[in-house]
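**Q** sequence first, predicted model second:
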Amino acid sequence: MVAWIKNAFAKESSIKGATLLLMITLVISNLMGVIRDHFLAGRISTYYLDIYYAGFKVPDLVFNLLILGAVSSVFIPIFTEKISQKDQKRAFEIANRLLTAGLIFTVLSAIVLYFLMPLIIPILVPKFSPDRIEMTVKLSRILMLTPIFFSLSYTVSGILNSYHRFFAYSLAPLFYNLAIILGVILLSERFGVYGVAWAVVFGAILHFLIQVPTLIKVGFRFRLSAFHRDPELKRILYLMIPRSVGLGTNQLTLFAFTAISSALAAGSIAVFTFADNIQTMPVVVFGTSLATVLFPTLSIKAANNNKEDFLKYFYRAIKAILYMMTPLAVFFLIFSRSIVKIILDNGQFSVFDSVRASETLAAFCLAIVFESILTIIVRAFFAQKNTKIPMYASFISMIIAIFSGYLFSRHLGVPGLALGIALSNFFSVVFLFYFFHKKFISIDFLNLFSFFGRIIVASVSSGYIIFFVRKFTNSFLPTTSFLFMLTEIIIAFVIFGLIYIQISRILKVDELSLVFKKLLEKLNRQSRFDQGESGSNLERP
């Protein structure tokens with residue numbers, strides 16, 4: 001058993017195996033996220049959860065601006081490029097300097113923002129009472145420690161992903177969520193939201209430490225390194241600016257939504273966050289996992305100017321996302337009330353909060369498909385080392401989301417904010433597809449529209465059938481017990497899936513056997529070639 005664990009941490013993963021591994025661990029991680037939210041909703045009132053979630057906004061902004069923009073869009077392509085050139089020494093040198101820069105900047109940010117927090121928080125939550133503002137300041141100061149450890153962890157993740165070592169990377173969010181769950185269970189009663197905040201910090205530390213053994217196995221050794229004169233690091237900093245600005249606009253959207261929510265009924269920030277967490281589950285499991293594994297391969301194809309293979313991977317990834325996410329969005333829409341009841345209805349979470357959360361989740365269902373597509377199309381730009389166009393898309397998305405979210409929320413409350421997100425995601429996808437087609441590679445839009453149209457017909461038809469079956473069974477069966485609702489959702493999901501598959505086949509959408517099989521098999525074959533190209537076999541454990 002010990003030998004198996006050591007081998008799992010050390011060995012390379014094929015793309016096919018890595019995708020399966022990430023999907024499994026992401027399912028587990030998201031289930032742990034559900035458990036986390038269940039305990040948070042049950043043990044802490046939404047009055048204080050508003051404070052807890054508002055406390056994340058400034059630390060998240062710092063992390064997105066300083067770290068995530070560099071790692072997600074720039075570092076991996078450049079690191080992979082050096083590895084493909086058999087220059088591992090230079091690749092490690094760049095990584096060390098990025099780690100050093102990230103550590104220094106996040107520590108300095110934590111120190112500076114510690115003193116600025118009393119000025120920032122009243123802008124973030126202008127309708128909070130003075131005592132809630134004071135609590136939010138204290139929480140934000142604690143949570144400012146998390147970007148420090150995430151700066152290390154996410155850079156390490158980038159290194160391991162480039163070497164196709166996905167096992168430790170996939171475990172990191174599990175340990176993060178486990179720390180928060182234990183914090184809620186063990187600390188919330190005595191220390192309230194402050195105890196949970198310290199558990200979040202501990203989870204960030206575990207997120208980093210779990211990846212260190214595999215990092216050592218690939219031959220990397222961390223050293224504090226001067227970075228101000230490194231031309232490649234300057235290149236990373238230059239290229240990351242558009243992506244960081246783009247991520248910053250996403251955070252500013254959440255800033256604006258937090259401010260809007262603070263003026264709504266108490267608990268609105270928590271209700272929005274809970275619903276967002278639920279709708280994010282399928283996006284992360286299917287969209288993000290596929291995009292994460294696909295990104296290094298797309299980067300190599302772009303670096304080698306292999307447009308034919310690049311486009312094949314891109315098409316199949318988009319079709320796989322559409323095939324999975326469209327019916328899931330319909331299913332979530334139909335069962336939003338039951339899903340919220342199962343996850344959140346307990347303890348401190350009121351009926352009023354539950355109704356608002358289910359309505360917000362239903363509104364979010366309109367965003368699920370386009371949010372998943374964004375995970376692929378954005379990385380396609382990054383693989384081409386273009387971060388400016390996604391930045392422009394983020395600006396447009398921010399304006400649409402804030403403006404429409406504010407207008408919708410005046411009439412619909414918190415669900416209006418979710419509709420604003422859905423609308424902005426749709427326009428972002430249209431914008432990015434248009435410019436990718438115009439600037440890089442011609443896209444067969446007719447083929448994609450035809451495919452998507454058949455998927456919509458299959459999904460909606462399946463949804464209508466399961467909706468009327470549910471309505472009929474609920475007329476003579478109890479619907480309020482937890483066990484019944486859980487059983488109902490599981491059985492309904494299986495039946496819905498079988499109906500969807502059959503209708504898809506009737507419409508000649510055989511992507512279940514074609515898209516996933518061909519995509520993953522081709523990626524698996526190609527990953528062995530790419531690993532030879534990338535030099536990731538130079539350091540074997």
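**A** Everything's here; your move.
**Q** what ranges does the stretch 151-300 of the chain have for its strands?
**A** Here the stretch 151-300 of the chain has no strands by DSSP state E, counting those that start in this stretch.
**Q** quick one: low-confidence parts of it?
**A** Confidence mapping of the stretch 151-300 of the chain against pLDDT under 70 gives the ranges 225-228, 243, 296.
**Q** and the closest residue in space to Gly246 that isn't next to it in sequence, what's its pLDDT?
**A** Excluding the flanking residues, the one nearest Gly246 by CB to CB, 6 or more residues apart in numbering is Ser394, at 3.5 Å. C-beta coordinates here come from the backbone N, C-alpha and C atoms, glycine included. Ser394 carries a pLDDT value of 87.
**Q** so how far is Phe381 from Ser394?
**A** 11 Å (CB to CB, to the nearest Å).
**Q** got it, and Ile465?
**A** Distance, Ile465 to Phe381, by CB to CB: 39 Å.
**Q** so which of the two has more stuff around it?
**A** Phe381 (25 against 15; other CB atoms under 10 Å).
**Q** please name the residues that touch that one.
**A** Residues counted as contacts of Phe381 (CB atoms under 8 Å, 6 or more residues apart in numbering) are 387, 389-390, 432, 436.
**Q** what comes up buried for the helix or strand harbouring it?
**A** Phe381 belongs to helix 351-383 when assigned by DSSP states H and E. Residues of helix 351-383 classed as buried: 353-354, 356-383 (neighbour count, 16 or more other CB atoms under 10 Å).
**Q** also stretch 258-273?
**A** Buried residues in stretch 258-273, counted by 16+ other CB under 10 Å: 258-262, 264, 266-273.
**Q** isn't Glu371 up against Val284?
**A** No - checked against CB atoms under 8 Å, the pair Glu371 and Val284 is beyond contact range at 9.9 Å.
**Q** picking that back up, pLDDT on the helix holding Phe381, on average?
**A** pLDDT averaged over helix 351-383 gives 88.
**Q** go on, stretch 333-344?
**A** 89.
**Q** residues of that stretch that come out buried?
**A** 333-344.
**Q** got the contact list for it?
**A** The set of residues external to stretch 333-344 that reach it, using CB under 8 Å, 6+ apart, is 34, 37-38, 41, 274-275, 278, 332, 353-354, 357-359, 361-362, 365, 463, 466-467, 470, 482, 485-486, 488-489, 492.
**Q** report the distance from it to the chain centre.
**A** Relative to its chain's centre, stretch 333-344 lies at 21 Å (CA atoms, centre = their mean, to the nearest Å).
**Q** got the CA positions of that stretch in PDB?
**A** Provided in PDB are the C-alpha atoms of stretch 333-344 (Å, rounded to 0.1, in the frame of the first residue of the first chain):
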ATOM      1  CA  LEU A 333     -32.900  23.700 -13.200                       C
ATOM      2  CA  ILE A 334     -35.600  21.100 -12.600                       C
ATOM      3  CA  PHE A 335     -34.300  19.900  -9.300                       C
ATOM      4  CA  SER A 336     -32.800  23.200  -7.900                       C
ATOM      5  CA  ARG A 337     -35.200  23.200  -4.900                       C
ATOM      6  CA  SER A 338     -34.500  19.600  -3.900                       C
ATOM      7  CA  ILE A 339     -30.700  20.100  -4.300                       C
ATOM      8  CA  VAL A 340     -30.700  23.100  -2.000                       C
ATOM      9  CA  LYS A 341     -32.900  21.400   0.600                       C
ATOM     10  CA  ILE A 342     -30.600  18.400   0.700                       C
ATOM     11  CA  ILE A 343     -27.400  20.400   1.000                       C
ATOM     12  CA  LEU A 344     -28.300  23.500   3.000                       C
END
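**Q** for Phe331, helix, strand, or coil?
**A** When classified by DSSP: H, G, I helix; E, B strand; the rest coil, Phe331 comes out as helix.
**Q** touching, it and Gly463? I think so.
**A** Yes - here Phe331 reaches Gly463: they are 7.1 Å apart, a contact under CB under 8 Å.
**Q** who touches both of those two?
**A** Contact criterion CB under 8 Å, 6+ apart; residues shared by Phe331 and Gly463: Phe496.
**Q** more neighbours: those two, which one.
**A** Phe331 (23 against 19).
**Q** count the residues that sit near Ser442.
**A** With other CB under 10 Å as criterion, Ser442 counts 10.
**Q** next one: phi and psi at it?
**A** Per-residue torsions, Ser442: phi -70, psi 130 (degrees, to the nearest 10).
**Q** flag every buried residue along stretch 446-464.
**A** Buried-residue list, stretch 446-464, by 16+ other CB under 10 Å: 451-452, 454-455, 458-459, 461-463.
**Q** and what of stretch 192-202?
**A** For stretch 192-202, by 16+ other CB under 10 Å, it's 192-194, 196-202.
**Q** tell me the contacts of Met398?
**A** Applying CB under 8 Å, 6+ apart, the residues near Met398 are 249-250, 252-253, 424.
**Q** filter the buried residues of stretch 333-344 down to the ones in helices?
**A** 333-334, 336-344 (DSSP state H).
**Q** among the buried residues of stretch 258-273, which ones are in helices?
**A** Filtering these for helices - DSSP H - leaves 258-262, 268-273.
**Q** any chance of those residues in JSON lines, with distance to Ala110 too?
**A** As requested, those are exported to JSON lines (distance: CB to CB, whole Å):
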{"residue": "Thr258", "distance to Ala110": "21"}
{"residue": "Ala259", "distance to Ala110": "23"}
{"residue": "Ile260", "distance to Ala110": "28"}
{"residue": "Ser261", "distance to Ala110": "26"}
{"residue": "Ser262", "distance to Ala110": "24"}
{"residue": "Ser268", "distance to Ala110": "29"}
{"residue": "Ile269", "distance to Ala110": "23"}
{"residue": "Ala270", "distance to Ala110": "25"}
{"residue": "Val271", "distance to Ala110": "30"}
{"residue": "Phe272", "distance to Ala110": "26"}
{"residue": "Thr273", "distance to Ala110": "23"}
